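Visitor: Below are the sequence and a predicted model; questions follow.
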Amino acid sequence: MNVTTQARTHATVDVRTIAPRERHALIFSTFAKLPVGGAMELVNDHDHDPRPLRHHFEAELPGLFGWEYLEQGPDIWRVRIARQEPKGNCCGGCGGGGH
């Protein structure tokens with residue numbers, strides 16, 4: 001999933017100073033506060049693609065987010081994650097895709 005840079009960035013989450021066990025909870029709680037069409041920017045200094053986080057989003061929020069790499073390492077990773085309009089019968093109230 002990709003999102004254009006037209007989405008307004010409402011928050012920046014720099015996880016470089018956050019304990020690894022707390023990162024996903026912080027990222028998901030920040031995302032939940034975004035309005036539809038809003039986006040957050042994730043900043044990470046790991047030397048690898050934050051692909052596991054993307055898989056977590058795909059499992060928890062299928063079709064409700066966009067993912068765009070702004071910078072792809074090796075020293076810093078920046079990703080824009082946008083909140084998208086729910087599709088189908090999902091009202092979006094649960095934050096998930098119909099569950």
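Guide: That came through, no problem.
Visitor: Looking at this protein, which helix is longest?
Guide: The longest helix of the chain (DSSP state H) is helix 20-32.
Visitor: Give me the helices and strands touching that helix, please.
Guide: With contacts taken as 3 or more C-beta pairs under 8 Å, 6 or more residues apart in numbering; DSSP states H and E, helix 20-32 sits against strand 8-14, strand 38-44, helix 51-60, strand 77-83. All C-beta spots, glycine's among them, are computed from the backbone N, C-alpha and C.
Visitor: Run through the bridge partners of V13.
Guide: As for beta bridges, V13 partners with L42 under DSSP bridges.
Visitor: from memory it sits against E41, does it?
Guide: Yes. V13 lies in contact with E41 (C-beta atoms under 8 Å); the separation is 7.2 Å.
Visitor: Next, find the distance separating H48 from G38.
Guide: 27 Å (C-beta to C-beta, to the nearest Å).
Visitor: Of the two, which one has the most company?
Guide: Neighbours per residue, other C-beta atoms under 10 Å: of H48 and G38, the larger number sits with G38, 16 against 10.
Visitor: Give the full set of residues in contact with L70.
Guide: L70 is in contact with E41, R78, V79, R80, counting by C-beta atoms under 8 Å, 6 or more residues apart in numbering.
Visitor: out of these, who has the most neighbours?
Guide: V79 (22 neighbours).
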